[in-house]
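> Quick one: sequence plus predicted model below, questions after.
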Protein chains: 2
Amino acid sequence: MSDLSTIEARIECIKDQKKLIKGNKIEETKLANELKALNLERAAIKAASSNAEQCDSQDVKKYTLKVPKGTKDYSDKEMAIRERMFEKITAIFRRHGAVTIDTPVFELREILSGKYGEDSKLIYDLQDQGGEICSLRYDLTVPFARFLAMNREHQNFKRYHIAKVYRRDQPSVNKGRMREFYQCDFDIAGVYDPMIPDAEAIRVMVEILESLSIGNFSVKMSHRKILDGMFAVCGVPADKTRAISSAVDKLDKMSWNDVRKEMTTEKGLDGAVADRIGEYVKLKGGKELCAILESDSQLSQNKSAMEGVHDMALLFSYLELFGVADKVVFDLSLARGLDYYTGIIYEAVLLGSDGNFLQFTIISVLVVYPKIETSGVGSIAAGGRYDDLVGMFSGGKKIPCVGVSIGVERVFAILLQKEALSKVKSTHTQVYVIGIGGLLHERMAIVRELWDQGIKAEFMFKVNPKLPAQWTACEREQIPLAIIIGSEEISQKIVKIKDMRVKEVSVTEAKKEVIVSRSDMIQVLKEKLESF
Amino acid sequence: MSDLSTIEARIECIKDQKKLIKGNKIEETKLANELKALNLERAAIKAASSNAEQCDSQDVKKYTLKVPKGTKDYSDKEMAIRERMFEKITAIFRRHGAVTIDTPVFELREILSGKYGEDSKLIYDLQDQGGEICSLRYDLTVPFARFLAMNREHQNFKRYHIAKVYRRDQPSVNKGRMREFYQCDFDIAGVYDPMIPDAEAIRVMVEILESLSIGNFSVKMSHRKILDGMFAVCGVPADKTRAISSAVDKLDKMSWNDVRKEMTTEKGLDGAVADRIGEYVKLKGGKELCAILESDSQLSQNKSAMEGVHDMALLFSYLELFGVADKVVFDLSLARGLDYYTGIIYEAVLLGSDGNFLQFTIISVLVVYPKIETSGVGSIAAGGRYDDLVGMFSGGKKIPCVGVSIGVERVFAILLQKEALSKVKSTHTQVYVIGIGGLLHERMAIVRELWDQGIKAEFMFKVNPKLPAQWTACEREQIPLAIIIGSEEISQKIVKIKDMRVKEVSVTEAKKEVIVSRSDMIQVLKEKLESF
């Protein structure tokens, strides 16, 4: 007898497929019309060109030479920037004792469904080719929760994961929203004393953003329990909490008036209730905001809100010990879209050239905070506590988690703006072996010696390459050292070593070029490379 | 006016979509029937269990907690081994001046189709959710060729790519055949003088396999043009060449008698022709085999074969210069399955404990080579020259390529056998900060100082952790240094630094543990870490 949940899942799946088929029928008419128009256009073009020359490519299949919509290739120079970024981030994850795991790019569809609210429609499905029904992962958090539920020995686990995720969004490539993109997550799972791992997650986020040299930033921080308490004391009906929360979440992009309108007109909230919310979401500041909220006549009566406030006060004390309290603003307008957060939430935003995070510590509360000019970049890192997600997979057995996700694609876009791509060095090559008058065998023998010694070296794949072509290759790849051999060097058992980094005329030739015996070559090269 | 090829592509795309929609209509009836049956079954199960106990997990959805068939999670310890493997390989790719690129995990389906022969049925398709028809990449070579055709500035390009590929194979996980697995490719594209890049590709393969310490190996090598010539002079009809070639390819797994049977019985080859092939595919040896083939009365009359033989002779001379000729066997039984090879082909196999690659240099030709005992691992790296693949995408404009793919999943399986997984250190943590009697704030202040100095450090996320628990955590993660503080240390502004690596009783306590002033702590730690 089949398992009920399997049947339920299959029924859901069939319903989804039937919906798709229905959509396809409407699509069919549109396609037929488009096809007719295209056929006419093709006939016209063919007729126009039929008298023109018959090109020679009879048998060559014509390809649409492109990558799928919302994806892109990364060139060697782009990859050089990306790899440096990933290396910096990885070094900091490791500094905090994190390990990495790997999970498949696709998961059973049921694992992903019901985790992303409205955005579930953006999940990429694999075609049903018989067997299991799978989808590409939408983020790294749900697979991590699934991993924890399956691997009970990892109850206490600090892991990072840098990998691609997939969202069938309408991509606007210019804005950096892609269908395939990297996520870069750090999460701490386990039962610990309150707010200690939370403080480390924020410290990790700050360390990373500082190491990437992308400009000043600030971390907005709030707490789901405070938000819930706030909505309750303002009089938001329980069934509207989620909708009102998602309206609040738009305050970084919309004015309060527009958000208020969405609450009242679209979501049917009482105007007086909205106005009460309006007073709270203005509140921004540092640790002192905790005391103010504790003395708030209404909020202080709400158990959930006060739990959140106590968490925040404790967190602030830990962030001070970790030396990152000045990077953080307690901001009641922060809501975060994802359903699964249960405790503190945070989001790092870039500050405009006039903004300075030092302002945050002196800004008084109860004053609308100056608009952060984010240059259209939006949040560059975000995260929060999600204590219930693992429990969804493990039959209710909780593993509390807190994590942060670095917005690496946005960071990459910023780094790309700052560097002239054409000047990026993408190879690691240290030595280029140049022959005057061919000398292929001699060049090969030298390059072999270099490789044997672990020196990164290249030469030109020609029997008799021209000298200028070899210099150009060496310079184009920004290779710091060249070894030059000619027939004279061969007979005298010497090589010339030229420092290609020195371009200034003022530097003496002696510094630029040294002649060493063949037997000293490796030693001299190693000393030079170490001195760089 | 639109471009004709764009219109043609769009028309093809619409036709495909219409076909799918038609398929979907038939599917719809099937789905409706299945839905009906499932609903009935569900009702039956529910009725049967309605009287049974109402379990306490009312709202908890039951999940099939697993990863999709043919995929797997990699734990932190497995990842530690994998990352070391990838780092070693990457270092060698970079030593040879290679750069990396990234391409999307899925491609337009038309890019992949027609490239993999029979194995095209193993391609994973994405569900048509509207828009383009895409498939998961099957290897990294076809996307590389597509990239080269799209990026003409990269005519000369030495690139590596380490990434996941997907094959909807019937996975036998024990044999290491997965549906999601890594490929690890190095390719040299560009018009160069003959056999020089080919020699570097083989040198790269040998360097990598030696660096991974997985045991002795040998590189079998042959040439497509020699195979083609050999089949021609033996009398294989042109239309049977591919089939006979794939039979020859099985000689590493099957006896000659079985292969001969496949040729004659299954593939209808004349017995005399098969016997002539049988004489050739026995041939194995070193460079001297080139001369023997050149003096072969039949083969020497075949232009294609002689081109291949000259290539091989030149290649051998370059491999000698690169110091890897002793790793290579010229082996006429090597055929390689993939369609796109046009020149030399090669395959590295592990040697059994009794096999030794030094034997290869002294083995005489015309003697059947001793069976290589590969312990079921098969080839661990392979590659060859493919000069026409890029041209398929670029309207016939050729970019010659030669490459090698390291069988990293097989290498990983071997490495995993050699290491006790439980003893693998997966964190990079250097210092664990231990407090006697809680001292959370003091521990946090120290760990912050360490992080600020780039030292990898952890502490226990408890306000008042037990001392043994802290020791255990430090030892379990094999962290080499511990800092210990108690109230006495705090008041005297000192810390204890303990070398946790020293387990021997014979080592004096003085060596194991030093007491330093708080202000010297960083300096002492850095010196110790450098000395490790």
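Happy to help now that I have it. Numbering: from 1, shown residues only, chains lettered A, B, ... in the order given.
> phi, psi of A:Ala163?
With angles defined as degrees, to the nearest 10, A:Ala163 sits at phi -160, psi 170.
> Quick check, it in contact with A:Thr141.
No. Judged on C-beta atoms under 8 Å, A:Ala163 makes no contact with A:Thr141 at a distance of 11.8 Å. Every C-beta, even on glycine, is put in place using the N, C-alpha and C of the backbone.
> Please identify which of the two sits among more neighbours.
A:Thr141 (23 against 17; other C-beta atoms under 10 Å in any protein chain shown).
> ok, the more buried one - contacts?
A:Asp185, A:Asp187, A:Tyr340, A:Tyr386, A:Leu389, A:Gly403, A:Ser405 (C-beta atoms under 8 Å, 6 or more residues apart in numbering or on different chains).
> The nearest residue in space to the second one that is not next to it in sequence: neighbouring residues, count only.
Pointing back at A:Asp187 there. The shortest distance from A:Asp187 to any non-neighbouring residue, by C-beta to C-beta, 6 or more residues apart in numbering or on different chains, is to A:Gly403 (3.3 Å). Residues near A:Gly403, counting by other C-beta under 10 Å, number 26.
> likewise the one 5 residues further on?
Neighbour count of A:Val408, defined by other C-beta under 10 Å: 22.
> can you give me phi and psi for it?
In terms of degrees, to the nearest 10, the main-chain angles of A:Val408 are phi -60, psi -30.
> before we move on, the earlier item: show me the beta-bridge partners of the residue nearest to A:Asp187.
A:Asp187, A:Gly384 (DSSP bridges).
> Please report how far it lies from A:Tyr340.
11 Å (C-beta to C-beta, to the nearest Å).
> Between the two, which contacts overlap?
A:Thr141, A:Tyr386.
> so what's the spatially most central residue of chain A up against?
Among the residues of chain A, the one closest to the centroid is A:Val408, at 2.8 Å (C-alpha atoms, centre = their mean). Contact analysis of A:Val408 by C-beta under 8 Å, 6+ apart lists A:Met85, A:Phe86, A:Ile89, A:Ile162, A:Tyr182, A:Gln183, A:Cys184.
> So out of everything in the stretch 251-400 of chain A, what residue is nearest chain B?
Nearest residue of the stretch 251-400 of chain A to chain B, counting by C-beta to the nearest C-beta: A:Leu321, 4.2 Å away.
> Enumerate every residue touching the closest residue to that residue other than its chain neighbours.
Distance criterion C-beta to C-beta, 6+ apart; nearest residue to A:Leu321, sequence neighbours excluded, is B:Met444 at 4.2 Å. Applying C-beta under 8 Å, 6+ apart, we find B:Met444 in contact with A:Ala199, A:Tyr318, A:Leu321, A:Phe322, B:Phe459.
> So which of the residues you listed are in helices?
Counting by DSSP state H, the part of those found in helices is A:Ala199, A:Tyr318, A:Leu321.
> Just among those residues, which is most surrounded?
Within these, A:Ala199 tops the neighbour count with 24 neighbours, counted by other C-beta under 10 Å.
> Go ahead and confirm that residue touches A:Tyr318.
Yes. Between A:Ala199 and A:Tyr318 there is a contact under C-beta under 8 Å: 3.6 Å.
> domains for chain A, by residue range?
Domains of chain A are assigned by the TED database as A:1-54, A:69-216+A:398-424, A:217-350, A:431-531.
> can you tell me which of the ones you listed the model trusts least?
Of all the domains of chain A, mean pLDDT reaches its minimum on domain A:1-54 (a mean of 62).
> Out of the ones in helices among the contacts of B:Met444, the closest to B:Ile7 would be?
Nearest to B:Ile7 among the ones in helices among the contacts of B:Met444 is A:Ala199, at 59.3 Å by C-beta to C-beta.
> where does A:Val236 land in three-state SS?
What DSSP: H, G, I helix; E, B strand; the rest coil gives for A:Val236 is coil.
> Now it. Nearest residue, chain neighbours left out?
A:Ile244 (5.2 Å).
> Equivalent analysis for A:Leu65, please.
Excluding the flanking residues, the one nearest A:Leu65 by C-beta to C-beta, 6+ apart is B:Met150, at 5.2 Å.
> Dump whichever strand or helix holds A:Phe147 to CSV, keeping only the CA atoms.
If you go by DSSP states H and E, A:Phe147 is part of helix A:141-150. C-alpha atoms of helix A:141-150 as CSV (Å, rounded to 0.1, in the frame of the first residue of the first chain):
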residue,chain,number,x,y,z
THR,A,141,19.1,27.6,3.2
VAL,A,142,16.3,25.1,2.6
PRO,A,143,18.9,22.4,1.3
PHE,A,144,20.9,23.2,4.5
ALA,A,145,17.9,22.6,6.7
ARG,A,146,17.2,19.4,4.8
PHE,A,147,20.8,18.3,5.3
LEU,A,148,20.6,19.0,9.0
ALA,A,149,17.4,17.0,9.3
MET,A,150,19.1,14.1,7.5
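> Quick check: A:Asp270 vs B:Ile436, distance?
Distance check for A:Asp270 against B:Ile436: by C-beta to C-beta, it reads 57 Å.
> do A:Phe322 as well
A:Phe322 sits 22 Å away from B:Ile436, going by C-beta to C-beta.
> A:Arg159 and B:Asp76 touch, don't they?
Yes. Under the criterion of C-beta under 8 Å, A:Arg159 makes contact with B:Asp76 at 6.7 Å.
> Compare neighbour counts for these two and give me the winner.
Counting neighbours by other C-beta under 10 Å for A:Arg159 and for B:Asp76 shows that A:Arg159 has the greater number, 24 against 19.
> so what's that one bridging to?
Counting by DSSP bridges, A:Arg159 is bridged to A:Val99, A:Asp187.
> mind listing what it touches?
Neighbour list for A:Arg159: A:Ala98, A:Val99, A:Thr100, A:Ile101, A:Phe144, A:Phe186, A:Asp187, A:Ala189, B:Asp76 [criterion: C-beta under 8 Å, 6+ apart].
> Would you reformat the residues you listed as JSON lines and include distance to B:Val524?
Listed next are the contacts of A:Arg159 as JSON lines, based on distance: C-beta to C-beta, whole Å:
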{"residue": "A:Ala98", "distance to B:Val524": "26"}
{"residue": "A:Val99", "distance to B:Val524": "27"}
{"residue": "A:Thr100", "distance to B:Val524": "30"}
{"residue": "A:Ile101", "distance to B:Val524": "34"}
{"residue": "A:Phe144", "distance to B:Val524": "37"}
{"residue": "A:Phe186", "distance to B:Val524": "29"}
{"residue": "A:Asp187", "distance to B:Val524": "33"}
{"residue": "A:Ala189", "distance to B:Val524": "33"}
{"residue": "B:Asp76", "distance to B:Val524": "30"}
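> Return the closest of those residues with respect to B:Gly117.
Minimum distance to B:Gly117 across the contacts of A:Arg159 is 35.6 Å, recorded for A:Ile101 (C-beta to C-beta).
> is it true that the closest one touches B:Met79?
Yes. Counting by C-beta under 8 Å, B:Met79 is a contact partner of A:Ile101 at 5.9 Å.
> who's more crowded, these two?
A:Ile101 (24 against 20).
> Show the contacting residues for the more buried one.
Contact partners of A:Ile101, counting by C-beta under 8 Å, 6+ apart, are A:Phe144, A:Phe147, A:Arg159, A:His161, B:Asp73, B:Tyr74, B:Ser75, B:Asp76, B:Met79.
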